[in-house]
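Participant: sequence and computational prediction follow.
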Amino acid sequence: MDFVTFDASYVSKLREGDLPTEQHFISYFSELILLKLRSRLRTPELIEDAKQETFSRTLSLIRSEGGLRNAERLGPLVNSICNNVLMEQYRSSGRVETLEDGAAERLVEERPDALSTLISDDTRNLVRQVLLNLKERDQMLLRAVFLEERDKDEVCRELKVDREYLRVLLHRAKDSFRERYVKQIGAEKYH
Amino acid sequence: MTHQDALKEMAVERYLLGELSGSSLDRFEEHLFECQECAADLKLGVTFIDGARDELRRPIRFVAHEVKRSPGWTSWFTNPWILAPVLAACLVVLAFQTFVVLPRTKLEVAHAQDPAVVNRLVLANAGPRGNSIPEIIAPEHGSFVISADVPTPGGFSSYRCSLYIPDGSVTWQTTVSPEQARDALLISMPTVKVEEGLNVLLIQGIPVGDSSSDKAVEVAKYSFRVKVQK
């Protein structure tokens, strides 16, 4: 697994406005912000606004005098700013500050949805394979929890398993999916 | 939170299941934004769950895991190493029956159904002329008729006829009623039941009210010589 190192050089390039680095930054953290906000904000528009606001503030901070002193803390900084934006969203509930048009366009993730390209037909087939290899009870468990969104304690009681079993089931299914995913689609797309 | 903590606590799974809240949620999210491994794991988990939601919307398709069973006794029927010799043996038996046994049986039945003149052995006057031993020439693959006189002194419920071959063993036995014994008994005797030499037909009376063989009383004993016609 090749990971990009968020070090002084990376932050320096962001500060200087290096386009490839900025695109990587937007792409990488877009997915994380989306994952973080999708259970907290009601609409995709609100999520998109919060995401853009987070990037805008983070880049502004990095490019300000003094900037980011500890480059390794870039990730936590993005998270922290995202939390602030989220809190402001909750407080204002509807009041969204507009960014300058040019800046907004630049900070939008160009892919239609940060995760939608991951869930392709190939991926669906892999998920299907994983599910078909599960026991009937495990399929029912995942269906009740993720599709029907039923109370997990109640579902576990019904199927005579505990919450730990549910975690381990998810862990194993995820590992099985990763194994197939990396094998079929390739490690580079994994990131 | 360190990466090891996250692994140990199954933080990614808890996050995906919505089990984290408050400070544990904050700690994990802070870690998530700085740990690319956890981030990649989470993205993969979300992809799987989103894909699973689509798949699970369809009717459940359960695939039973293959269970290897120990072969039952019926597997003998499908084992080619056993099946082939067994089939070959069956074929041989079938051929033997078709080409040997069946024609022979048909021939025998035909012979049996054909009218034929048979030799007759008359056994009578046991006692007074007991020393005279009649002789019968019996066809090897046929039969002959024994006409035996059964003395009926009375007091017997039935009579038992036993045929002794030269070595002293009984090869045939039957019981007749007093009514059957009133006239001479006609016995169709296959030659295979007798042996060349001196054979004996012993007739015993079974006393009334006592069917045990111990109490049987000899009423006639006929010796006859058999000569088999080849």
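Facilitator: That came in fine, so what should we check first? Small disclaimer: the values here were computed from a predicted structure and weren't measured. Numbering: from 1, shown residues only, chains lettered A, B, ... in the order given.
Participant: from now on I want contacts and neighbour counts done on CA atoms only, so please keep to that.
Facilitator: Will do.
Participant: which stretches of chain B have low pLDDT?
Facilitator: Applying pLDDT under 70 to chain B picks out residues B:59-72, B:126-131, B:211-213.
Participant: read off the pLDDT value for A:Tyr10.
Facilitator: With respect to pLDDT, A:Tyr10 has a value of 90.
Participant: OK, contacts around it?
Facilitator: Residues near A:Tyr10 by C-alpha atoms under 8 Å, 6 or more residues apart in numbering or on different chains: A:Thr21, A:Ala71.
Participant: quick check: longest helix in chain A by residues?
Facilitator: Longest helix in chain A, counting residues (DSSP state H): helix A:163-185.
Participant: and chain B, is that one touching that?
Facilitator: Yes: Helix A:163-185 reaches chain B (C-alpha under 8 Å from any C-alpha of the partner chain) through A:Arg167, A:Leu170, A:His171, A:Lys174, A:Phe177, A:Arg178.
Participant: so the closest residue in space to the fourth one that isn't next to it in sequence is in which element?
Facilitator: I take that to be A:Lys174. In space, and not counting its chain neighbours, A:Lys174 is closest to B:Gly45: 5.8 Å by C-alpha to C-alpha, 6 or more residues apart in numbering or on different chains. Using DSSP states H and E, B:Gly45 maps to helix B:36-57.
Participant: pull the distance from the helix or strand following that helix to the chain's centre.
Facilitator: Sequence-wise, the next helix or strand downstream of helix B:36-57 (DSSP H and E) is helix B:75-78. Centroid separation for helix B:75-78 versus its chain: 18 Å, with C-alpha atoms, centre = their mean, to the nearest Å.
Participant: list the buried ones in helix B:75-78?
Facilitator: For helix B:75-78, a neighbour-count test (16 or more other C-alpha atoms under 10 Å in any protein chain shown) marks nothing as buried.
Participant: and the longest strand that chain B contains, which strands flank it?
Facilitator: Longest strand in chain B, counting residues (DSSP state E): strand B:217-229. Strand pairing for strand B:217-229, determined by DSSP bridges: strand B:135-139 (parallel), strand B:197-207 (antiparallel).
Participant: got a list of what the residue nearest to B:Ile137 when sequence neighbours are not counted touches?
Facilitator: Spatial nearest neighbour of B:Ile137, chain neighbours left out: B:Lys227 (4.8 Å); criterion: C-alpha to C-alpha, 6+ apart. By C-alpha under 8 Å, 6+ apart, the contact set of B:Lys227 is B:Glu135, B:Ile136, B:Ile137, B:Ala138, B:Glu196, B:Gly197.
Participant: switch to 10 Å and redo it
Facilitator: When contacts are counted by C-alpha atoms under 10 Å, 6 or more residues apart in numbering or on different chains, B:Lys227 touches B:Glu135, B:Ile136, B:Ile137, B:Ala138, B:Pro139, B:Glu140, B:Thr191, B:Val194, B:Glu195, B:Glu196, B:Gly197, B:Leu198.
Participant: measure A:Glu16 to A:Ser9 for me?
Facilitator: Going from A:Glu16 to A:Ser9 by C-alpha to C-alpha, to the nearest Å gives 10 Å.
Participant: related to what we said a few turns ago, buried ones in the longest strand of chain B?
Facilitator: Residues B:Val219, B:Ala220, B:Lys221, B:Tyr222, B:Ser223, B:Phe224, B:Arg225, B:Val226, B:Lys227, B:Val228 are the ones in strand B:217-229 that count as buried (16+ other C-alpha under 10 Å).
Participant: all helices of chain A, in order?
Facilitator: Along chain A, counting by DSSP H, helices occupy A:8-16, A:19-37, A:44-63, A:74-92, A:101-107, A:121-132, A:136-142, A:152-158, A:163-185, A:187-190.
Participant: the fourth one and chain B in contact?
Facilitator: Right, the one you point to is helix A:74-92. Yes: Helix A:74-92 reaches chain B (C-alpha under 10 Å from any C-alpha of the partner chain) through A:Leu74, A:Gly75, A:Pro76, A:Leu77, A:Val78, A:Asn79, A:Ser80, A:Asn83.
Participant: is it true that the last one touches B:Phe33?
Facilitator: No: in terms of C-alpha atoms under 10 Å, A:Asn83 does not count as a neighbour of B:Phe33; the distance is 12.0 Å.
Participant: and the two? Which one has more around it.
Facilitator: For A:Asn83 versus B:Phe33, neighbours defined as other C-alpha atoms under 10 Å in any protein chain shown are more numerous around B:Phe33 (22 against 19).
Participant: wait, that one sits on A:Ser30?
Facilitator: No: judged on C-alpha under 10 Å, B:Phe33 makes no contact with A:Ser30 at a distance of 11.0 Å.
Participant: gap between the helix holding B:Gly45 and the chain center?
Facilitator: Counting by C-alpha atoms, centre = their mean, helix B:36-57 comes out at 63 Å from the chain centroid.
Participant: between it and helix A:163-185, how many degrees?
Facilitator: 100 degrees (axes from the mean of the first three to the mean of the last three C-alpha atoms, to 10 degrees).
Participant: hang on, B:Phe144 in a strand?
Facilitator: Yes: looking at B:Phe144 with DSSP: H, G, I helix; E, B strand; the rest coil, it is inside a strand.
Participant: just list whatever residues bridge to it.
Facilitator: With DSSP bridges as the criterion, B:Phe144 is bridged to B:Met189.
Participant: can you pull the contacts of it?
Facilitator: B:117-121, B:136-138, B:187-191.
Participant: no further questions, thank you.
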